[in-house]
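Participant: could you work out the structure for the sequence below:
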Amino acid sequence: MASRCIRGWQPWFRRPGQRAPPLPAARPVANAPAQGNCTQQVSGSSGLQQALGSAGPGDTICLSGDLSNVRLTIDRGGSTDSPIIVRGDGRTATKGITVEAANVIVDGFVANEPEAPGVALKGSNITLRNTTINSPRQGDGDGIRFWGSNIKIVHNTITDTSNATGAHADCMQTYATDEDNPASQDILIDSNRCEKIDNNCLIAEGPNSSAGDGSGEGETKNITFSNNFCDNKAAQAVLADDVRNMTITNNEIVGDINHAFAFQNESTNGVVSGNRISSVQYEVGMDDSSENSYNGPRPAAPRDRLTVAGFRGGAPDRRRAGQGFVLTGALARLFRSRVGLPSPSQLSEATNMERCVGQCRRGTAGSRACARARPPRRRGCCTRRRACRG
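Facilitator: Predicted structure coming up:
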């Protein structure tokens with residue numbers, strides 16, 4: 001049964017029945033990789049595990065054909081200077097990809113309706129590139145999850161993550177809850193496309209996240225999110241919770257969301273610059289604990305700052321976005337109450353419930369996030385580490 005948990009409030013300026021603006025025409029994330037210098041050539045599922053099992057540092061395994069019923073699992077890596085390369089031809093279909101190794105490059109695959117997460121990366125010195133993930137389902141519905149250090153996620157496309165079954169379906173996610181899911185450092189997420197995403201494009205939670213389910217071990221830091229395209233429906237496109245040194249630059253954010261980027265729970269030393277945003281009330285949300293050494297646009301709080309996009313015939317007119325005006329302080333609060341916008345407490349509650357649902361779906365639910373959500377909406381969701389209920 002579907003969860004009744006809040007999955008993110010809908011934008012106030014979209015009238016009932018009004019459709020979102022069309023997405024920009026899809027463009028390929030990269031040219032199909034050339035399958036040259038292949039140490040081993042594998043066609044179809046036969047011989048796949050044997051090829052992976054015998055691979056050594058510097059080997060390139062080239063896969064082609066239909067692997068759509070096989071989840072590609074890589075548990076053997078190369079060396080720092082000579083990683084193992086597992087390469088498709090840009091059309092090589094799989095049922096998803098799991099990497100649990102160090103020094104691996106995965107290049108040029110397509111995962112259609114994989115069991116979520118579509119791609120799971122765990123280890124060090126891992127690169128995922130030129131790969132497409134379409135409609136991940138089951139589980140928590142995420143496109144990509146990652147844990148470890150020196151991970152590069154570049155030139156990939158993730159489409160159609162869905163909350164339809166009560167999932168908390170992000171484009172990409174990392175969290176640090178135990179030794180199997182450690183904190184992440186030195187992560188590059190560059191030139192990817194997140195299209196038709198029901199929740200965040202990236203949610204990064206450290207070992208002391210405000211959700212209350214962190215391991216308390218290690219530190220999540222040095223994450224760069226750059227040159228990405230993001231169309232999503234959650235309260236924000238990127239959420240950093242207990243993450244140090246996050247850099248967010250030159251991204252295009254097109255979802256109808258409340259704010260583009262959120263920093264909370266001592267997510268200090270953040271950098272935000274050069275991003276192109278639309279249909280967003282304000283660019284950066286930040287709590288007091290995250291302000292240290294921040295460099296970027298001035299953070300705004302919903303209660304104190306409100307951008308009004310322009311009106312036509314007494315109703316918000318999205319075609320005139322950018323021609324509006326800014327209200328601050330008491331005027332912003334008055335306007336919000338008169339037109340029925342969500343209050344800051346309602347927005348906070350929605351964010352907590354989004355996080356709660358995600359933790360329940362992955363079986364790591366803590367009670368603190370749920371406790372922040374006031375009844376009656378809390379009923380039907382997780383409390384005291386019990387799974388979400390319909």
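Participant: in this structure, which spans are helices?
Facilitator: Under the criterion DSSP state H, helices of the chain are mapped to 48-54, 329-339, 344-361, 367-372.
Participant: these: lowest mean pLDDT?
Facilitator: Taking the mean pLDDT of each of the helices of the chain, the lowest value is held by helix 367-372, a mean of 42.
Participant: list the contacts of Gln41.
Facilitator: If a contact means C-beta atoms under 8 Å, 6 or more residues apart in numbering, then Gln41 has Gln35, Cys62, Ser64 as its contacts. All C-beta atoms are positioned from the backbone trio N, CA, C, and that covers glycine.
Participant: could you do His259 as well?
Facilitator: For His259, the contact set (C-beta under 8 Å, 6+ apart) comprises Ala235, Gln236, Val280, Gln281, Tyr282, Glu283, Val284, Gly285, Ala300.
Participant: ok, and the closest non-adjacent residue to it?
Facilitator: Excluding the flanking residues, the one nearest His259 by C-beta to C-beta, 6 or more residues apart in numbering is Gly285, at 4.5 Å.
Participant: hmm, that neighbour is touching Ala262, no?
Facilitator: Yes. Here Gly285 lies in contact with Ala262, judged by C-beta atoms under 8 Å, at a distance of 4.5 Å.
Participant: what is the neighbour count of the spatially closest residue to Ser79 that is not a sequence neighbour?
Facilitator: With C-beta to C-beta, 6+ apart as the criterion, Ser79 has its nearest non-adjacent residue at 4.3 Å, and that residue is Pro57. Pro57 has 13 neighbouring residues, counting by other C-beta atoms under 10 Å.
Participant: hang on, isn't Pro57 packed against Thr80?
Facilitator: No. If you go by C-beta under 8 Å, Pro57 and Thr80 don't touch, sitting 9.1 Å apart.
Participant: what touches both of these two?
Facilitator: Counting by C-beta under 8 Å, 6+ apart, the common neighbours of Pro57 and Thr80 are Asn103.
Participant: Arg91 - how many residues pack around it?
Facilitator: Around Arg91 sit 13 other residues, with neighbours defined as other C-beta under 10 Å.
Participant: that one contacts Val110, correct?
Facilitator: Yes. Taking C-beta under 8 Å as the definition, Arg91 is a contact partner of Val110 at 6.2 Å.
Participant: which neighbours do the two have in common?
Facilitator: Taking C-beta under 8 Å, 6+ apart as the contact criterion, Arg91 and Val110 have no common neighbours.
Participant: for Arg298, see how far away the residue nearest to Ser184 when sequence neighbours are not counted is.
Facilitator: By the measure of C-beta to C-beta, 6+ apart, the closest residue to Ser184 outside its immediate chain neighbours is Thr174, 4.8 Å from it. From Thr174 across to Arg298, the span is 28 Å (C-beta to C-beta, to the nearest Å).
Participant: ends of stretch 125-143, how far apart?
Facilitator: Its start and end residues considered, stretch 125-143 measures 20 Å (C-alpha to C-alpha, to the nearest Å).
Participant: again, but for stretch 257-270
Facilitator: Note: stretch 257-270 ends 21 Å apart using C-alpha to C-alpha.
Participant: and stretch 152-162, by the same measure?
Facilitator: End-to-end for stretch 152-162, by C-alpha to C-alpha: 25 Å.
Participant: in it, which residues are buried?
Facilitator: Within stretch 152-162, the residues that qualify as buried by neighbour count (16 or more other C-beta atoms under 10 Å) are Lys152, Ile153, Val154, His155, Asn156, Thr157, Ile158, Thr159, Asp160, Thr161, Ser162.
Participant: any figure for the gap between the first one and Gly58?
Facilitator: In this structure, Lys152 and Gly58 are separated by 18 Å, where distance is defined by C-beta to C-beta.
Participant: now do the contacts for the residue nearest to Ser79.
Facilitator: Contact analysis of Pro57 by C-beta under 8 Å, 6+ apart lists Gly78, Ser79, Ser82, Pro83, Ile84, Asn103.
Participant: and which of those residues is nearest to Pro207?
Facilitator: Minimum distance to Pro207 across those is 24.5 Å, recorded for Asn103 (C-beta to C-beta).
Participant: any figure for the gap between that closest one and Gly118?
Facilitator: Distance from Asn103 to Gly118, by C-beta to C-beta: 22 Å.
Participant: among those two, which residue is more densely surrounded?
Facilitator: Per other C-beta under 10 Å, whichever of Asn103 and Gly118 has more neighbours is Gly118, with 31 against 21.
Participant: the more buried one - nearest residue in space that isn't next to it in sequence?
Facilitator: In space, Gly118 is closest to Ile133, 3.7 Å off (C-beta to C-beta, 6+ apart).
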